[in-house]
Each structure stands twice: as C-alpha cells, then as structure tokens.
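> curious how this folds, go ahead:
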Amino acid sequence: MTSLLEPLDKKSAALAFVLGLATILGAWGSQVIGGLVPCELCLEQRMAYYYGLPLLLVVLLAWNRLPLAVWYLAMAIVTAIFVWGTYMGAYHAGVEWGFWPGPTACTGVGDIMDFNSLSDMKPVIGCDVVQFRLFGISLAGYNALISLAIVALLGTSISAQMRGRNRA
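Have a look, this model is predicted:
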C-alpha cells in the first residue's frame, strides 16, 4: 500500500523551486518593469536565489539518479542557502524599520567623487528606504517570509525522504 506522504519529498522540493523562481522573477520585474532600484541589501538577498535555485534544479532533474548521500548533502546545502536568505530578508526588514543600522554601503557613505563623474551616476537607494509596501510589509519582509516558506518546503522534502527510507 502506497502512502500519500511518499511523493511529498519531490513535490515539496519542486514547489520550493517554483516559489523561488517566481520570487526572483518578481524581483527582476519590479526593477526592470516597475522601476524600483535595488539597494545593496536587496542585491545581497538575491544571492540565495542565484546559488540555491540552480543547485535545487540539478537535484530535481537528477532526482532518482543521485546517490542518497549526495541528495541529502545537496538538499542540506540548498536549505542552508535559503536559511541565509531568510536571515538577510529579516535583517533588511529590520534596517527598514529602524531596529538596527544598515551597512555603510546603504547609508550614503562612499567614495570621494569629483564633478567629472556626475554624468555617470546611477541612482542610489538607501537600505533603510522602503520603496514599496503591501499590507504594511516591505519587499524585504516578503522576501524573508518567502525564504522561510522555501526552507519549510525543503525541510518537508528532507523529512518525507527520511520517512520514506525508514519504511523501506
């Protein structure tokens, strides 16, 4: 008799991938189409998606061909990457709310400039500036929540895999 939990490992990992992909595409869309300018912490938060999603895609594509130890290691690495992403989103949201100061790159302290470089300037947004809120939550806050959901989905996948192996 097949348990309903057995396919949960791949389904939750695939859902984590889709959620992550939609999130990074949304971030790019808010920048390219919406005109929002990412700050240093915004760009740092994207690193979890740039590193975690390709690795998770490899795991999903090679799902039944990976040795179990490699699968667990890869899933642990992806989970750790998104734990870092959760931290970065929460840290950035805390900077936006004024709970703690942001890094110096986000406070306007920078290199000395001369008047010749004024024509090459790009807009700089402080990490404590909220460009968009929905229901009182900034994009950094949503990123923290989404990253936490991805961590939960990956944890569910790992747990379901362990339960499935213990029954076999």
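> now tell me which helix or strand of this protein has the poorest mean pLDDT.
Ranked by mean pLDDT, DSSP states H and E, the helix or strand of the chain with the weakest confidence is strand 133-134, at a mean of 70.
> partners of the helix or strand following it in the sheet?
Downstream of strand 133-134, the first helix or strand assigned by DSSP states H and E is strand 137-138. Each strand paired with strand 137-138, and its direction, by DSSP bridges: strand 133-134 (antiparallel).
> burial count for residue 33?
8 (other Cβ atoms under 10 Å). For the C-beta atoms, the positions are set from N, CA and C on the backbone; glycine is no exception.
> got it, and the one 5 residues further on?
Residue 38: 18 surrounding residues under other Cβ under 10 Å.
> neighbours around the nearest residue to it once chain neighbours are set aside, how many?
Excluding the flanking residues, the one nearest residue 38 by Cβ to Cβ, 6 or more residues apart in numbering is residue 31, at 5.9 Å. Using other Cβ under 10 Å, the number of residues around residue 31 comes to 15.
> buried set for the host helix or strand of residue 31?
Per DSSP H and E, residue 31 falls inside helix 8-32. By neighbour count on 16 or more other Cβ atoms under 10 Å, the buried set for helix 8-32 is 8-10, 12-17, 20, 23-24, 27, 30.
> next, the angle from the helix or strand residue 140 falls within to helix 8-32.
Taking DSSP H and E as the definition, residue 140 sits inside helix 139-167. What separates the directions of helix 139-167 and helix 8-32 is an angle of 160 degrees, with axes from the mean of the first three to the mean of the last three Cα atoms, to 10 degrees.
> gap between residue 155 and residue 143?
According to Cβ to Cβ, to the nearest Å, residue 155 stands 18 Å off from residue 143.
> which of these two has more neighbours?
residue 143 (28 against 16).
> mind checking pLDDT for the more buried one?
The model reports residue 143 with a pLDDT of 91.
> quick check: it touching residue 43?
No. Contact criterion Cβ atoms under 8 Å: residue 143 and residue 43 do not qualify, at 11.8 Å.
> give me the helices and strands touching the helix holding residue 140, please.
helix 8-32, helix 40-45, helix 47-61, helix 68-97 (3 or more Cβ pairs under 8 Å, 6 or more residues apart in numbering; DSSP states H and E).
> okay, the angle between it and helix 47-61?
Using the same axes, to 10 degrees, helix 139-167 lies at 30 degrees relative to helix 47-61.
> run a quick neighbour tally on residue 148.
Count around residue 148 with other Cβ under 10 Å applied: 17.
> how about it: what's its closest non-neighbour residue?
Closest to residue 148 by Cβ to Cβ, 6+ apart is residue 86, at 4.8 Å.
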